[in-house]
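Colleague: quick one, fold the following:
(one chain, ligands or ions: 1)
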Amino acid sequence: MKKIAFIGAGNMNGAIISGLVQSGFEPENIMVSNPSAPKREALQAAHGIQQTPDNMEAAAFADVIVLGVKPHFIADVCRQFGKSIDISAKCFISVAAGCTIKQIEQALNHPCTVIRTMPNTPSQLGVGVTGIYANSHINDEEKAFTSKLMESVGIIKWLDSEEQIDHIIAVSGSGPAYFFLFMEAMEKQAKAYGFSEQDSRELVQQTALGAAKMVVENKLSIRKLRENVCSKGGTTQAAISAFSEGGLEQLVTKAMNTALARAKEMAQNAQ
Ligand SMILES: NC(=O)c1ccc[n+]([C@@H]2O[C@H](COP(=O)([O-])OP(=O)(O)OC[C@H]3O[C@@H](n4cnc5c(N)ncnc54)[C@H](OP(=O)(O)O)[C@@H]3O)[C@@H](O)[C@H]2O)c1
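Modeller: Down below sits the predicted model:
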């Protein structure tokens, strides 16, 4: 059984630890490190895992090291590993946004497996999407383990190139906020019709949940599902026409391409 270290006891690592333990991974084989005590102690109390303030202790304990600190700390943390412990047989999995495999390899200063993942916020509820790309050192066992790890917080997509991480950011990484924005606008209009704050929210959230469930549980295309609720000359068709006339589809394309360009720019600046 592999041992796993989580560097950082924040939201994302906390979500993965929770998913992993719930999926049957032995807590005694997990150690989390975090500078301040309350977050690592809370994870220990909730899941029975081991904890330490010392990143080196956690990394020395483990075969697989999950880097879950903010992107600007990743290089420093990895540099320390490269200098302080034998990392030749260790596998590094980063969840940090905008931090490239090359940067991590350079900081580790040793040829080892580096896997870059791009989870999204709903991973915290176990319904996330994670894009994954690895350097050429990865073996089948590490691939299977990484799949299991990230599947504990949602679905996964292995990618053919690191560039596709930027595409994942534009679709599922930033995606939850696109839906929030749409729901926010609908909620605002519901309030304008006179519904209370609570009713407006419930009307919108249940509609979004119902629509998402219909997509998930149906074999029909999303387009067909939409057409099915648009009877000719009806109210929904009238609303959809208003969206089309306002250029909604082009706007979505533009927004996603803008997110993509920004992701590329951030990766470039970080070189
Ligand atoms: N949250 C998401 O939905 C999401 C989605 C995609 C990717 N990510 C990525 O996940 C990573 C973590 O994000 P997060 O939202 O989980 O952030 P977070 O909640 O702020 O967690 C980061 C944790 O790292 C700890 N930390 C800081 N410096 C450290 C060090 N030198 N060694 C060990 N631990 C250290 C912090 O401890 P203190 O608070 O005690 O300083 C904090 O507990 C980021 O790189 C982010 O890009 C997050």
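Colleague: neighbours around the closest residue to A259 other than its chain neighbours, how many?
Modeller: Nearest-residue entry for A259: A170, 4.2 Å, with adjacent residues in sequence omitted and distances by C-beta to C-beta, 6 or more residues apart in numbering. Yep, even glycine has a C-beta here, placed from its N, CA and C like the rest. Close neighbours of A170, defined as other C-beta atoms under 10 Å, add up to 20.
Colleague: M150 against R116, yeah?
Modeller: No: in this structure, M150 is not within contact of R116 by C-beta atoms under 8 Å, at 11.4 Å.
Colleague: give me the more crowded residue out of those two.
Modeller: Looking at M150 and R116 with other C-beta under 10 Å, you find the greater number of neighbours at M150, namely 29 against 24.
Colleague: ok, that one - contacts?
Modeller: With contacts taken as C-beta atoms under 8 Å, 6 or more residues apart in numbering, M150 has the following neighbours: 16, 117, 119, 130, 132, 156.
Colleague: give me the neighbour count for the third one.
Modeller: Going back to what we said before, that points to P119. Neighbour count for P119, taken as other C-beta under 10 Å: 25.
Colleague: and for the second one?
Modeller: As a burial measure, the neighbour count of T117 was computed by other C-beta under 10 Å and equals 26.
Colleague: tell me the bridge partners for V32.
Modeller: Partner residues in beta bridges with V32, using DSSP bridges, are F6, Q51.
Colleague: tell me the contacts of it?
Modeller: Under the criterion of C-beta under 8 Å, 6+ apart, the contact partners of V32 comprise 5-6, 8-9, 13, 17, 40, 43-44, 49-52, 58.
Colleague: what of M266?
Modeller: Residues G98 are the ones in contact with M266 under the rule C-beta under 8 Å, 6+ apart.
Colleague: where does it sit, in terms of helix or strand?
Modeller: Taking DSSP states H and E as the definition, one finds M266 inside helix 248-269.
Colleague: which parts of that helix are buried?
Modeller: Residues of helix 248-269 classed as buried under the neighbour-count rule (16 or more other C-beta atoms under 10 Å) are 256, 259-260, 263, 267.
Colleague: now the residue nearest to A259: how far from the ligand?
Modeller: The spacing between A170 and the ligand, counted by C-beta to the nearest ligand atom, to the nearest Å, is 14 Å.
Colleague: touching, that residue and T253? I think so.
Modeller: No: with the criterion set as C-beta under 8 Å, A170 and T253 do not qualify as a contacting pair; they are 10.3 Å apart.
Colleague: before we move on, the earlier item: which residue in the buried residues of helix 248-269 has the weakest pLDDT?
Modeller: Across the set of the buried residues of helix 248-269, A267 stands lowest in pLDDT, at 74.
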